[in-house]
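*Asks:* coordinates only, sequence not included:
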């Protein structure tokens, strides 16, 4: 028995392909679209088509952008001695929102993961090496995530980049600001102890 | 500071207009679309446009459909003496999935709500009266929800329909199957007691 008519069923199916959206939520979204003015459906459809047509990788930092080079690479007020290597475009956004960094970025588009079959050559490491040869970068900050894949990637990059004579650093591990010691896991606590600094 | 390039920002905004999707989820969905094959974005865009173009209200039951009359109204194997009045198209789907009902439906597209400014004339009550005058309907089952708006709507319809000589019934209140008495609220418990029937 088909409970929806064809076009509704197709919309429910398409919504359910998105991450974190199950059949119930997909149905709710589809009926919301049907009960809303046509502009809602048209606006979302247009944005979906446009984003796939216009967004490509920046030829310098490999971040997703609609202009090449991207707005960050074009920004000459940044410190060209600093390069922060992150896994994903959303990590660039997180760093920019934190407002604590004024250098340039390099987006790897993933992390080394033998489990998922992601090898170093699947990441944008070739582009990274090319940038290091040509630019005036003095310090590479490895800001890959703190999980197994991120640590593996950071270690791999550190061994690859150090022989080039560039300073390689890793973002600090520790207790998140505003959180309780008692909720921190043992690994984080030990890393926070190891990384302790002079104070006051 | 604009963190995303224009087309990505527009897609995030469009996703965030959907119910239950905040800015973080919208960003996650947008990046998922960017990291997926173009077919995902195209499929969703096509389904969105198509659903708004092809879906209209059935001229008989007012359910959403792409053919008129809808597949349920066309189904001559159903009991034409029974008419179940529900608030929304999703209620029809819930009833059909439960497989316990083999009559026809009428979709009100809402419930009377002075708070939200929804009056009886905003619902499909005119169409309902028209059906009752012409068809061979003997019983109208009021299956509006059990909230204040649903009860108001059911009471309003009962007073309107009874003078027409049709039998008007309301779906039962009671303890949900498989649930514990101790978690039922007082109102539900009292309704379940009132509605008790012979057993065994």
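*Replies:* Looks like it arrived, so ask away. No experiment lies behind these values; they were computed from the predicted model shown.
*Asks:* residue A:45 belongs to a helix?
*Replies:* Yes: according to DSSP: H, G, I helix; E, B strand; the rest coil, residue A:45 belongs to a helix.
*Asks:* does it really touch residue B:45, like I thought?
*Replies:* Yes: at 4.0 Å, residue A:45 and residue B:45 qualify as touching, with contact defined as CB atoms under 8 Å. Yep, even glycine has a C-beta here, placed from its N, CA and C like the rest.
*Asks:* for the lengthiest strand in chain A, give the mean pLDDT please.
*Replies:* The longest strand of chain A (DSSP state E) is strand A:79-86. Averaged over strand A:79-86, pLDDT sits at 92.
*Asks:* same for it, what does it pack against?
*Replies:* Applying 3 or more CB pairs under 8 Å, 6 or more residues apart in numbering or on different chains; DSSP states H and E, we find strand A:79-86 packed against helix A:89-98, strand A:103-107, helix A:125-134, strand A:139-142.
*Asks:* and residue B:173, which of those is closest to it?
*Replies:* Among those, helix A:89-98 comes nearest to residue B:173, with 47.5 Å by CB to CB.
*Asks:* can you give me the buried ones in the closest one?
*Replies:* With burial defined by 16 or more other CB atoms under 10 Å in any protein chain shown, the residues of helix A:89-98 counted as buried are A:89-93, A:95-96.
*Asks:* what sits up against that helix?
*Replies:* A:63-64, A:72, A:84, A:86, A:101, A:105, A:107, A:143, A:145, B:1, B:3-4, B:27-28, B:31, B:34 (CB atoms under 8 Å, 6 or more residues apart in numbering or on different chains).
*Asks:* repeat that for 10 Å
*Replies:* Helix A:89-98 has contacts (CB atoms under 10 Å, 6 or more residues apart in numbering or on different chains) with A:55, A:57-58, A:61-65, A:70, A:72, A:84-86, A:88, A:101-103, A:105-109, A:141, A:143-145, A:171, B:1-5, B:8, B:24, B:27-28, B:30-31, B:34-35.
*Asks:* pLDDT weak spots in chain A?
*Replies:* Across chain A, the ranges flagged by pLDDT under 70 are A:1-2, A:200.
*Asks:* at which residues are the strands of it located?
*Replies:* So, for chain A - with DSSP E - the strands run A:56-57, A:64-65, A:79-86, A:103-107, A:139-142, A:167-170.
*Asks:* hey, which of those is tucked in deepest?
*Replies:* Ranked by mean neighbour count, those are led by strand A:64-65 with a mean of 26 (mean count of other CB atoms under 10 Å in any protein chain shown).
*Asks:* list the buried residues in stretch A:61-79.
*Replies:* Applying a neighbour-count criterion of 16+ other CB under 10 Å, one finds A:61-66, A:70, A:72-73 buried in stretch A:61-79.
*Asks:* to clarify, my last question referred to stretch A:188-200.
*Replies:* A:188, A:191-192.
*Asks:* which residue is nearest the middle of chain A?
*Replies:* Taking CA atoms, centre = their mean, the centroid of chain A lies closest to residue A:88, which sits 2.0 Å from it.
*Asks:* please look at that residue and residue A:106 and confirm they touch.
*Replies:* No: counting by CB atoms under 10 Å, residue A:106 is not a contact partner of residue A:88; they are 11.8 Å apart.
*Asks:* quick one: the helices in chain A, in order.
*Replies:* A:6-16, A:23-35, A:38-54, A:71-74, A:89-98, A:125-134, A:148-161, A:186-194 (DSSP state H).
*Asks:* does the fourth one come close to chain B?
*Replies:* If I follow you right, that is helix A:71-74. Yes: applying CB under 10 Å from any CB of the partner chain, one finds that helix A:71-74 is in contact with chain B at A:71-72.
*Asks:* check which helices and strands that helix sits against.
*Replies:* Applying 3 or more CB pairs under 10 Å, 6 or more residues apart in numbering or on different chains; DSSP states H and E, one finds that helix A:71-74 contacts strand A:64-65, strand A:103-107.
*Asks:* centre of the chain to it, how far?
*Replies:* Using CA atoms, centre = their mean, to the nearest Å, the distance from the centre of helix A:71-74 to the centre of the chain it belongs to is 17 Å.
*Asks:* got a list of contacts for it?
*Replies:* A:58-61, A:63, A:65, A:67-68, A:78, A:92, A:96, A:103-105, B:1-3, B:5.
*Asks:* most tightly packed of the helices of chain A?
*Replies:* helix A:6-16 (a mean of 21).
*Asks:* just send the helices and strands packed on strand A:79-86 back as TSV, with distance to residue B:183 too.
*Replies:* Putting the helices and strands packed on strand A:79-86 into TSV (distance: least, CB to CB, whole Å) gives the following:
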stretch	distance to residue B:183
helix A:89-98	41
strand A:103-107	50
helix A:125-134	56
strand A:139-142	51
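*Asks:* nearest to residue B:180, of those?
*Replies:* Between the helices and strands packed on strand A:79-86, helix A:89-98 lies closest to residue B:180; by CB to CB that is 43.2 Å.
*Asks:* tell me what angle that closest one forms with strand A:79-86.
*Replies:* 130 degrees (axes from the mean of the first three to the mean of the last three CA atoms, to 10 degrees).
*Asks:* follow-up on the earlier one: would you mind saying which of the strands of chain A lies nearest residue A:156?
*Replies:* Here strand A:139-142 is closest among these (CB to CB), at 9.8 Å.
*Asks:* residue A:83 is in contact with residue A:103, isn't it?
*Replies:* Yes: between residue A:83 and residue A:103 there is a contact under CB under 10 Å: 6.3 Å.
*Asks:* need the residues touching each of these two.
*Replies:* A:137, A:139-141.
*Asks:* what is the most widely separated pair among those residues?
*Replies:* Checking the shared contacts of residue A:83 and residue A:103 with CB to CB, the most distant pair is A:137 and A:141, at 10.4 Å.
*Asks:* leaving out sequence neighbours, find the closest residue to residue A:122.
*Replies:* Once flanking residues are discounted, residue A:122 sits nearest to residue A:110: 6.4 Å by CB to CB, 6 or more residues apart in numbering or on different chains.
*Asks:* list the contacts for that neighbour?
*Replies:* If you count contacts by CB under 10 Å, 6+ apart, then residue A:110 has A:87-88, A:116, A:118-119, A:122-124, A:144, A:149, A:153, B:35 around it.
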